[in-house]
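Enquirer: give the three-dimensional model of this entry:
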Amino acid sequence: MTGPRVLRINGALVEAGPVPGASLFELARVGDLGLLGEVVAVDGDVATIQVYEETTGLRVGGPVEMSGGSLTVELGPGLLGSVFDGIGRPLERLARSEGDFIQPGATAATLDADRRWRFTPAVAAGAEVGPGDLLGEVQEGALRHKVLLPPGQTGRVREIAAGEFSVHESFGRLEDGGPLRLAHRWPIRRPRPTGLRLPVAQPYLTGQRVFDFLFPVAEGGAVAVPGGFGTGKTVIEQALAKYGQSDIVIFVGCGERGNEMADVLREFSGLTDPATGRPIMEHTILVVNTSNMPVAAREASVYLGLTLAEFYRDMGYRVAVMVDSLSRWAEALREISGRLQEMPGEEGFPTYLASRLGGAYERAGRVEASGRPQRVGSVTLVSAVSPPGGDFSEPVTQASLRVAGALWALDAELAHQRQFPAVDWTTSYSLYGEETIAWFTRETGEDWGEIRQETLRLLESDSELREIAGLVGQDALQDEDRLALAAAAVVREAVLSQNAFDPNDAFSPIGKTYELARLAWRLLLAGREALRAGTPFEKLDLDAPRAALLALRDASEADRSGFIERATKAIEDLAGERSEA
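Expert: Predicted coordinates:
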């Protein structure tokens, strides 16, 4: 026998040799079926290969073929609307060729080589071009897909032509003979080069009031969403994918249940973008590595999603990446690390967990893309974390908090109380509040920042007062404290709570969010004014303004102004109350 052979098999890890000159993360085909894997360790001429597929039936002595390159993904038109597995294989085309179950060693190109795209050049023959320069455009659904010169290439355009081309056909050449194509390959573990990293300024609007109002995240920011089982992490990420204001959405299902991802596919296929009226799948890519798929591919799925996001970011688009969840990704790292017999860190996770997580979070950002003309794009990363038992002190959550700019902590107790989103406002925070306040002030009103700070103080005091009321009873509190409890309840119910299944409340425009928050704060001020005028707390009619605010919360966009007037009138009546004495 000649060539490398399988020497040892340990679950998803295979030792192969002799492999002189093997490099870390080099791709390999393992066994008679050609299972895909990559090198994760090298010891002399023996390579340890992490196999991305089920290794049942693999035998010692089977052939191993080294590729000479790392795991890459093909980038070009045709990605939008697709569903890929963790290593970039399109599941729809695999289903047509292999059936409902992926066969061992199955291969399929990321992009459809037979589909043709109408290309319109943006440069002429003789133009000097460098990495990232715009060569032309193709229309991909509602999106103008910008064809850029890939990183690492430069030169003068010898010829370029308009017309219809497949992703592998050449539409032009450089003077050195290098072909110009619609697609190119990129290693998923390597961040794509950029020009200048820019400071955050504009918020990533989610349409969820508790986030946009209290804990905003900036475009190009990163946020961790930890929560125990049943707290609504998946529902929140799906809501952001549906209603968040971004040009492109990448949804990575990493180790989640297959039925959840099936629900995502069914829902997304029937949704329309409220801004354009077009199907939401036209600007969405799903990367799926469910819990019944090989665990080794979970790590690659996150890097694949980030690489796809950076590709569209370089075109100047705003991209939102939803990862559900990073805990399953970290568990894959732990399993592979254990099989490699590496020194374990806290709770058995590898000692490099924090650096790997930091590297993933750092790929978010708002940048000035390389090349001409000038383009500004962003990658916003929203990553769910599933701490066992809801314990936020576990390693994955703590490592995420060191690098994420915002924390949306989900509380199981709030979820059991039917408070959705079940965000614990005493634990959650955002480092983007000050950077985005100028934008919110411009778009809403000068008092946005003041109302936000006062609402946070009210919720903080509400937690303390509820503890006291639980000991001595609410009737023992002073009237002003009882009013604060009542006003905080209205804030929780009318401002922070949101119904994902109500067509009028699933998405909250920033104007509606501002009006609800302003009126809820005005309710507290009106109640204090009435108390100072001598009205006892028992005589305050809080039911009318509360009902008006709830009606405004559930009102359609067309009816909103009328409900604002009704709520304003109810609050003014409250402020005008006087003691009968």
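Enquirer: low-scoring pLDDT stretches of the chain, where are they?
Expert: Counting by pLDDT under 70, the ranges of the chain that qualify are 1, 274-275, 577-581.
Enquirer: how's it carved up into domains?
Expert: 5-71, 117-182, 198-432, 444-575 (automatic domain parsing).
Enquirer: now render these as a markdown table, adding mean neighbour count and distance to Leu91.
Expert: From N, CA and C alone the C-beta is placed, and that goes for glycine too. Output for those, formatted as a markdown table (neighbours: other CB atoms under 10 Å; distance: least, CB to CB, whole Å):
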| stretch | mean neighbour count | distance to Leu91 |
| --- | --- | --- |
| domain 5-71 | 18 | 14 |
| domain 117-182 | 17 | 19 |
| domain 198-432 | 21 | 7 |
| domain 444-575 | 17 | 26 |
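Enquirer: right, and those - which one's nearest Pro90?
Expert: domain 198-432 (10.6 Å; CB to CB).
Enquirer: before we move on, the earlier item: tabulate the domains of the chain (CSV), appending distance to Gly88.
Expert: Below are these laid out as CSV (distance: least, CB to CB, whole Å):
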stretch, distance to Gly88
domain 5-71, 8
domain 117-182, 14
domain 198-432, 6
domain 444-575, 31
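Enquirer: figure out which of the ones you listed is closest to Gln103.
Expert: Of the domains of the chain, nearest to Gln103 by CB to CB is domain 5-71, at 8.3 Å.
Enquirer: that closest one spans what distance, first to last residue?
Expert: 21 Å (CA to CA, to the nearest Å).
Enquirer: just how off-centre is that domain within its chain?
Expert: 32 Å (CA atoms, centre = their mean, to the nearest Å).
Enquirer: repeat for stretch 277-291
Expert: 12 Å.
Enquirer: ends of that stretch, what's the gap?
Expert: End-to-end for stretch 277-291, by CA to CA: 34 Å.
Enquirer: contacts for stretch 537-555?
Expert: Identification of contacts with stretch 537-555 by CB atoms under 8 Å, 6 or more residues apart in numbering yields 479, 482-483, 486, 490, 493-495, 499, 502, 504-505, 512, 515-516, 519-520, 523, 526-527, 530-531, 560, 562-564, 566-567, 569-571, 573-574, 577, 579-580.
Enquirer: inside helices: which ones of those residues?
Expert: Counted as lying in helices by DSSP state H, out of the contacts of stretch 537-555, are 479, 482-483, 486, 490, 512, 515-516, 519-520, 523, 526-527, 530-531, 560, 562-564, 566-567, 569-571, 573-574.
Enquirer: so what does the lengthiest helix in the chain touch, helix or strand wise?
Expert: With secondary structure taken from DSSP H, the chain has its longest helix at helix 448-472. Helices and strands touching helix 448-472, by 3 or more CB pairs under 8 Å, 6 or more residues apart in numbering; DSSP states H and E, are helix 433-443, helix 479-490, helix 510-532.
Enquirer: okay if I get these as a markdown table plus distance to Val385?
Expert: Formatted as a markdown table, the helices and strands packed on helix 448-472 follow (distance: least, CB to CB, whole Å):
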| stretch | distance to Val385 |
| --- | --- |
| helix 433-443 | 21 |
| helix 479-490 | 28 |
| helix 510-532 | 26 |
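Enquirer: nearest to Val235, of those helices?
Expert: helix 510-532 (19.0 Å).
Enquirer: report the angle between the closest one and helix 433-443.
Expert: 90 degrees (axes from the mean of the first three to the mean of the last three CA atoms, to 10 degrees).
Enquirer: can you name the element that comes right after helix 510-532?
Expert: Using DSSP states H and E, the next helix or strand after helix 510-532 towards the C-terminus is helix 543-553.
Enquirer: please save the CA atoms from that following helix in PDB.
Expert: Output in PDB follows, covering the C-alpha atoms of helix 543-553 (Å, rounded to 0.1, in the frame of the first residue of the first chain):
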ATOM      1  CA  ASP A 543     -56.600  52.000  35.800                       C
ATOM      2  CA  ALA A 544     -57.600  54.500  33.100                       C
ATOM      3  CA  PRO A 545     -54.000  55.500  32.000                       C
ATOM      4  CA  ARG A 546     -52.800  51.900  32.400                       C
ATOM      5  CA  ALA A 547     -55.600  50.700  30.000                       C
ATOM      6  CA  ALA A 548     -54.900  53.500  27.600                       C
ATOM      7  CA  LEU A 549     -51.200  52.500  27.500                       C
ATOM      8  CA  LEU A 550     -52.000  48.900  26.900                       C
ATOM      9  CA  ALA A 551     -54.300  49.900  24.100                       C
ATOM     10  CA  LEU A 552     -51.500  52.000  22.600                       C
ATOM     11  CA  ARG A 553     -49.200  49.000  22.900                       C
END
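Enquirer: okay, angle between that helix and helix 510-532 too, please.
Expert: 170 degrees.
Enquirer: picking that back up, which one, of the helices and strands packed on helix 448-472, ends up nearest to Ile280?
Expert: Nearest of these (CB to CB): helix 510-532, 20.2 Å.
Enquirer: just checking, what packs against that closest one?
Expert: Short answer (3+ CB pairs under 8 Å, 6+ apart): helix 510-532 packs on helix 209, helix 433-443, helix 448-472, helix 479-490, helix 543-553, helix 560-575.
Enquirer: out of those, which is closest to Arg363?
Expert: It is, among the helices and strands packed on helix 510-532 and with distance given as CB to CB, helix 433-443, at 19.7 Å.
Enquirer: got the angle for that closest one vs helix 448-472?
Expert: Going by the same axes, to 10 degrees, helix 433-443 makes 120 degrees with helix 448-472.
Enquirer: show me what helix 433-443 is packed up against.
Expert: helix 448-472, helix 510-532.
Enquirer: for those, give me JSON lines that also has distance to Val30.
Expert: Conversion of the helices and strands packed on helix 433-443 to JSON lines gives the following (distance: least, CB to CB, whole Å):
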{"stretch": "helix 448-472", "distance to Val30": "55"}
{"stretch": "helix 510-532", "distance to Val30": "52"}
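Enquirer: what's the closest of these to Tyr52?
Expert: Short answer: helix 510-532, nearest of the helices and strands packed on helix 433-443 by CB to CB, at 42.7 Å.
Enquirer: could you export that closest one as PDB, CA atoms only?
Expert: The C-alpha trace of helix 510-532 is given here as PDB (Å, rounded to 0.1, in the frame of the first residue of the first chain):
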ATOM      1  CA  ILE A 510     -38.700  53.400  17.500                       C
ATOM      2  CA  GLY A 511     -41.400  56.100  17.500                       C
ATOM      3  CA  LYS A 512     -43.900  53.800  19.200                       C
ATOM      4  CA  THR A 513     -41.200  52.700  21.700                       C
ATOM      5  CA  TYR A 514     -40.500  56.300  22.600                       C
ATOM      6  CA  GLU A 515     -44.100  57.300  23.000                       C
ATOM      7  CA  LEU A 516     -44.800  54.300  25.300                       C
ATOM      8  CA  ALA A 517     -41.800  55.000  27.400                       C
ATOM      9  CA  ARG A 518     -42.500  58.800  27.600                       C
ATOM     10  CA  LEU A 519     -46.100  58.300  28.600                       C
ATOM     11  CA  ALA A 520     -45.200  55.700  31.200                       C
ATOM     12  CA  TRP A 521     -42.700  58.100  32.700                       C
ATOM     13  CA  ARG A 522     -45.300  60.900  32.500                       C
ATOM     14  CA  LEU A 523     -47.700  58.700  34.400                       C
ATOM     15  CA  LEU A 524     -45.300  58.500  37.300                       C
ATOM     16  CA  LEU A 525     -44.800  62.200  37.300                       C
ATOM     17  CA  ALA A 526     -48.600  62.900  37.100                       C
ATOM     18  CA  GLY A 527     -49.100  60.500  40.100                       C
ATOM     19  CA  ARG A 528     -46.500  62.300  42.100                       C
ATOM     20  CA  GLU A 529     -48.100  65.700  41.300                       C
ATOM     21  CA  ALA A 530     -51.500  64.400  42.400                       C
ATOM     22  CA  LEU A 531     -50.000  63.000  45.700                       C
ATOM     23  CA  ARG A 532     -48.300  66.400  46.400                       C
END
